[in-house]
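Student: Whatever this is, show me its structure:
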Amino acid sequence: MDLKPVGIWTGQLDYQPANQAKEAVAELEELGYGAVWVGEAVGREALSNAGLLLSATRRLVVATGIANIWVRDALAMVAGQNTLAEAYPERFLLGLGVSHAPLIEGMRGHHYERPLAAMRQYLDAMDEVVSSYRAVPPGTPPPRVLAALGPKLVI
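Tutor: Below you'll find the predicted structure:
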């Protein structure tokens, strides 16, 4: 996966109609950026959005910064990651994170507790269910990265 030296993290694409967001990432690719990182809070759903943006480019890496572990179960995350990695080889990077308590409890109604332990359990669950994925797999195991805003993720 070629991230190149410079990428962009932005939430601004959520404020554009889908066609304009696709035009914007195509332009970023033409300008030589290696990656665009998109988040997941109260805008577009991260994996669907990544697919939308990947469809508009040929080389650009699209990364989630972050896909929220409280939003989908481990098998759904593995399936989404594998789907995008197979469709866009070496161009989708799954960035996982725990987000922030007000977004998880206040907006989504989940219980936000012990983020480090939750992330460890989630990663273990992803590793356990990867063999359950029955669609065409990506050519190589897709990478994942973790986000942390503190020494023990977000507390």
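
Student: ok now the helix-or-strand element of the chain with minimal mean pLDDT, how far from the chain's centre?
Tutor: Ranking every helix and strand in the chain by mean pLDDT, DSSP states H and E puts helix 101 at the bottom, with a mean of 83. With CA atoms, centre = their mean, to the nearest Å as the basis, helix 101 stands 19 Å off its chain's centre.

Student: Surely residue 152 touches residue 118?
Tutor: No. Under the criterion of CB atoms under 8 Å, residue 152 makes no contact with residue 118, lying 11.1 Å away. All C-beta atoms are positioned from the backbone trio N, CA, C, and that covers glycine.

Student: which of those two has more neighbours?
Tutor: Legend: neighbour count by other CB atoms under 10 Å for residue 152 and residue 118, higher for residue 118 (17 against 12).

Student: contacting residues around that one?
Tutor: Residues in contact with residue 118 (CB atoms under 8 Å, 6 or more residues apart in numbering) are 69-70, 98.

Student: So for whatever helix or strand it lives in, mean pLDDT?
Tutor: According to DSSP states H and E, residue 118 maps onto helix 115-129. For helix 115-129, mean pLDDT is 96.
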